[in-house]
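**Q** just a sequence and a predicted model for now, questions to come.
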Amino acid sequence: MASDSFTVTYDSLGRIHIITYASGKTITYTYDAQGNRTSVVST
């Protein structure tokens, strides 16, 4: 099974914001004012 390398970008509060894979796929996380994750979008 092949693996795909990735880069993780964090927001100013140290939470995962974007994961970008070498293949071009991204996963974006958003949070509300209380720090709860409100969405995960994969492209």
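**A** Great, that's in hand.
**Q** in what helix or strand does the residue nearest the centre of the chain lie?
**A** The centre of the chain sits closest to Ile18, judged by Cα atoms, centre = their mean, with a distance of 2.8 Å. In the assignment (DSSP states H and E), Ile18 maps to strand 16-21.
**Q** kindly report the same for Thr30.
**A** Here Thr30 is assigned to strand 26-31, by DSSP H and E.
**Q** and the helix or strand following that strand, what does it pack onto?
**A** Going down the chain from strand 26-31, the next helix or strand is strand 37-42, by DSSP H and E. For strand 37-42, the elements it packs on are strand 26-31, judged by 3 or more Cβ pairs under 8 Å, 6 or more residues apart in numbering; DSSP states H and E. For the C-beta atoms, the positions are set from N, CA and C on the backbone; glycine is no exception.
**Q** next, the angle from the strand it packs on to strand 37-42.
**A** With axes from the mean of the first three to the mean of the last three Cα atoms, to 10 degrees applied, the angle from strand 26-31 to strand 37-42 works out at 170 degrees.
**Q** coming back round to it: for the record, mean pLDDT for the strand holding Ile18?
**A** Strand 16-21 comes out with an average pLDDT of 98.
**Q** residues making contact with that strand?
**A** 4-11, 26-29 (Cβ atoms under 8 Å, 6 or more residues apart in numbering).
**Q** okay, the angle between that strand and strand 37-42?
**A** Computed by the same axes, to 10 degrees, the angle separating strand 16-21 from strand 37-42 equals 10 degrees.
**Q** max pairwise distance over the contacts of strand 16-21: which two?
**A** Asp4 and Asp11 (22.9 Å; Cβ to Cβ).
**Q** of these two, who's got more company?
**A** Asp11 (12 against 9; other Cβ atoms under 10 Å).
**Q** ok, and the closest non-adjacent residue to the more buried one?
**A** Nearest in space to Asp11, with sequence neighbours left out and distances taken as Cβ to Cβ, 6 or more residues apart in numbering, is His17 at 4.4 Å.
**Q** and Gly14, how many neighbours?
**A** Neighbours around Gly14, by other Cβ under 10 Å: 7.
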